[in-house]
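1. sequence unknown, structure follows:
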Ligand SMILES: [Zn+2]
């Protein structure tokens, strides 16, 4: 296939970087090497060495590497071809919310669980409908890009949408870059069916759209409701729901090799999170990486309708079928969920948690024949428990006993290091991993600052600095050699993680 034309082929797109938006003086996304000044915005999509093939792991189609790809390389940058306008969603939601009409229809799986989600979907359907009715060629290319999501199974035959004989021709169409003019050689892939029902459009949304990032409909709704209540303005998310047809072609893997971040509203930036050999399928996780095998299996079946056959699932299925090791003790159940449960637990409950977790770990690892790989997958699937454990131990660090405090930190560092290697083999560039590495870095930094012989602790500080830097570069793209920028991003990740799925914000002394 022909490569997709980009604005300036000489741009070194692997240098793309972004900084989180709550940083002061945040530069906007730009392509390094671009002649425009560094405050310019992203102006065009970019697709790296990828093609769509019909040999996807879980579904009919998948995205594979056209050549060997290095960890950290940019795979693609693309804007939502159509998205739900946040202001429109807010106005619509507000009118229905204040109408005391906040009740919703059914609660079946796959249907909206909140009024906000329902309204967001409706706004997106309207936006899709507008594009369908538009006579503009660029809008037709957009419509084609999202209708291609129906290109599998019965739907494609019924709607005369081609099942691709040469799926690589799909890439330009999926980023809405294929010209729709019937007078040029690049003719449309199919005739657009303007009678397509809202139900079908909703189906595309529910199977393929990308929803809120680092937030949930519940949390946004709660924030908006609070704003209406007390009349103060609160920051809205910059995006809620949008269609990214190329990204939607990427299949699930519990040991992913790609990671996505959203930036400047509805731009999606995707990097390789590990080295990817030519021909290998690109995969990312549809679920939080720190779920256990039984939870992942259940959620993938119920929400996405398939069974995952990735290396991690096959390994854990095998381990589960022969040993009774994955049963979580009752007492640890509440801690499986992320959140600030520790803040409301007393010291006694925290001590019980640490005791129960260690006992369960010991029992599990007493099972014979567990490979290192299985141990790592198992710990990864219980990482939220371990994060609670680390927080619980650090919250109760004995302030008046420096010797004991140092010992406790050393124990936490060992646990953190162990978790780090679990993440390395499963889910390298996820935020939970960054969080664990921050913790290790901070613990080592404290040890270093108090060490009678700093030359002995220096290699540890250097090790964690390098690890953190590498993971940030992979997740967020090349930040170059600007240490201040890297530190700024690291600071952001700490905050995000402590407020969301990672470490709780608690008053212990390790920061
Ligand atoms: Zn899997």
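-> Done, it's in. This is a predicted model, so every value here is computed, not measured.

2. domain parsing of this structure, as residue ranges.
-> Following automatic domain parsing, one finds the domains of the chain at 1-80+247-284, 83-243, 293-499.

3. what's the least confident stretch among those?
-> Mean pLDDT values for the domains of the chain show the minimum at domain 1-80+247-284, a mean of 66.

4. backbone dihedrals for residue 61, please?
-> With angles defined as degrees, to the nearest 10, residue 61 sits at phi -110, psi 160.

5. pretty sure it contacts residue 249?
-> Yes: in this structure, residue 61 sits in contact with residue 249. The criterion is C-beta atoms under 8 Å, and the distance is 5.7 Å. C-beta here means a position set from N, CA and C on the backbone, and glycine is covered the same way.

6. compare these two and say which one has the larger neighbour count.
-> residue 249 (25 against 21; other C-beta atoms under 10 Å).

7. so how far is residue 247 from the closest residue to the ion within the stretch 151-300 of the chain?
-> For the stretch 151-300 of the chain and the ion, the shortest gap (C-beta to the ion) falls at residue 254, measuring 3.3 Å. Relative to residue 247, residue 254 is positioned 18 Å away (criterion: C-beta to C-beta, to the nearest Å).

8. rewinding a little: quick check: the residue of the stretch 151-300 of the chain closest to the ion vs residue 328, distance?
-> As it turns out, when the distance is counted by C-beta to C-beta, residue 254 lies 18 Å from residue 328.

9. same question for residue 405.
-> Shown here: residue 405 relative to residue 328, a distance of 31 Å by C-beta to C-beta.

10. and these two? Which one has more around it.
-> Set side by side, residue 405 and residue 328 give different neighbour counts by other C-beta under 10 Å, the larger being at residue 405 (18 against 15).

11. separation between the residue of the stretch 151-300 of the chain closest to the ion and residue 392?
-> Counting by C-beta to C-beta, the gap from residue 254 to residue 392 is 27 Å.

12. same drill for those two, tell me which one is more crowded.
-> More neighbours surround residue 254 than the other of residue 254 and residue 392, with 27 against 23 (other C-beta under 10 Å).

13. tell me the SS of that one?
-> Secondary structure of residue 254, reduced to three states by DSSP: H, G, I helix; E, B strand; the rest coil: coil.

14. so it sits against residue 285, correct?
-> Yes: in this structure, residue 254 is within contact of residue 285 by C-beta under 8 Å, at 6.1 Å.

15. next, show the common contact partners of these two.
-> By C-beta atoms under 8 Å, 6 or more residues apart in numbering, residue 254 and residue 285 have these common neighbours: residue 427.

16. against the centre of the protein, work out the most remote residue.
-> Taking C-alpha atoms, centre = their mean as the measure, the residue most remote from the mean C-alpha position of the chain is residue 452, 41.7 Å away.

17. name the SS class of that residue, please.
-> Note that with three-state DSSP, the state of residue 452 is coil.

18. need phi/psi at it.
-> phi -70, psi -20.

19. and it, how far is that from the ion?
-> Relative to the ion, residue 452 is positioned 47 Å away (C-beta to the ion, to the nearest Å).

20. got it, and residue 150?
-> Distance, residue 150 to the ion, by C-beta to the ion: 26 Å.

21. just give me the neighbour total for that residue.
-> Neighbourhood size, residue 150 [other C-beta under 10 Å]: 22.

22. wait, it touches residue 197, no?
-> No: Residue 150 lies out of contact with residue 197 (C-beta under 8 Å); the separation is 11.7 Å.

23. for the protein, what lies in contact range of the ion?
-> Residues of the chain lying close to the ion (C-beta under 5 Å from the ion) are 254, 308, 310, 313.

24. quick one: which of those residues is the most crowded by neighbours?
-> For the residues of the chain next to the ion, the largest neighbour count, defined by other C-beta under 10 Å, is 27 neighbours, found at residue 254.

25. not counting sequence-adjacent ones, nearest residue to that one?
-> In this structure, residue 254 finds its nearest non-sequential neighbour in residue 312, 4.2 Å apart by C-beta to C-beta, 6 or more residues apart in numbering.

26. ok, residue 356 - contacts?
-> Taking C-beta under 8 Å, 6+ apart as the criterion, residue 356 is in contact with 329, 331-332.

27. give me the buried subset of the residues you listed.
-> residue 332 (16 or more other C-beta atoms under 10 Å).

28. which ones among the contacts of residue 356 map onto strands?
-> Assigned to strands by DSSP state E, none of those qualify.

29. residue 121: which of the contacts of residue 356 is nearest?
-> For residue 121, the closest of the contacts of residue 356 turns out to be residue 332, at 36.0 Å, with distances computed as C-beta to C-beta.

30. go through the helix or strand hosting residue 437 and flag the buried ones.
-> If you go by DSSP states H and E, residue 437 is part of helix 431-450. Taking 16+ other C-beta under 10 Å as the neighbour-count basis, helix 431-450 is seen to contain the buried residues 431-447.

31. returning to that earlier point: which among the contacts of residue 356 gets closest to residue 412?
-> When these are ranked by distance to residue 412 (C-beta to C-beta), residue 332 comes first, at 18.6 Å.

32. just how off-centre is the helix or strand hosting residue 142 within its chain?
-> For residue 142, the element it lies in under DSSP H and E is helix 137-147. Taking C-alpha atoms, centre = their mean, to the nearest Å, the mean C-alpha location of helix 137-147 is offset from the chain mean by 26 Å.

33. give me the packing partners of it, helices and strands only.
-> helix 115-133, helix 170-174, helix 198-208 (3 or more C-beta pairs under 8 Å, 6 or more residues apart in numbering; DSSP states H and E).

34. with distance to residue 400 and mean neighbour count as extra columns, can I get the ones you listed in a markdown table?
-> What follows is the helices and strands packed on helix 137-147, written out as a markdown table (distance: least, C-beta to C-beta, whole Å; neighbours: other C-beta atoms under 10 Å):
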| stretch | distance to residue 400 | mean neighbour count |
| --- | --- | --- |
| helix 115-133 | 48 | 20 |
| helix 170-174 | 61 | 24 |
| helix 198-208 | 55 | 17 |
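
35. of all the ones you listed, which one is nearest residue 459?
-> Each of these was scored for nearness to residue 459 using C-beta to C-beta, and the closest is helix 170-174 (45.3 Å).

36. helices and strands around that closest one, which ones?
-> Using 3+ C-beta pairs under 8 Å, 6+ apart as the contact criterion, the neighbours of helix 170-174 among helices and strands are strand 50-53, helix 137-147, helix 245-248.

37. dump those to TSV, plus mean neighbour count.
-> Formatted as TSV, the entries for the helices and strands packed on helix 170-174 read as follows, by neighbours: other C-beta atoms under 10 Å:
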stretch	mean neighbour count
strand 50-53	21
helix 137-147	21
helix 245-248	24
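
38. format the ones you listed as JSON lines; extra columns: distance to residue 423.
-> Compiled in JSON lines, the helices and strands packed on helix 170-174 are given as follows (distance: least, C-beta to C-beta, whole Å):
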{"stretch": "strand 50-53", "distance to residue 423": "25"}
{"stretch": "helix 137-147", "distance to residue 423": "34"}
{"stretch": "helix 245-248", "distance to residue 423": "23"}
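
39. looking at those, spot the one closest to residue 170.
-> Each of these has some distance to residue 170 by C-beta to C-beta; the shortest is strand 50-53, at 4.3 Å.

40. other SSEs contacting whichever helix or strand comes after the closest one?
-> On the C-terminal side of strand 50-53, the closest following helix or strand by DSSP H and E is strand 62-65. Here strand 62-65 is seen to pack against strand 50-53 when contacts are counted using 3+ C-beta pairs under 8 Å, 6+ apart.

41. nice, that's everything, thank you.
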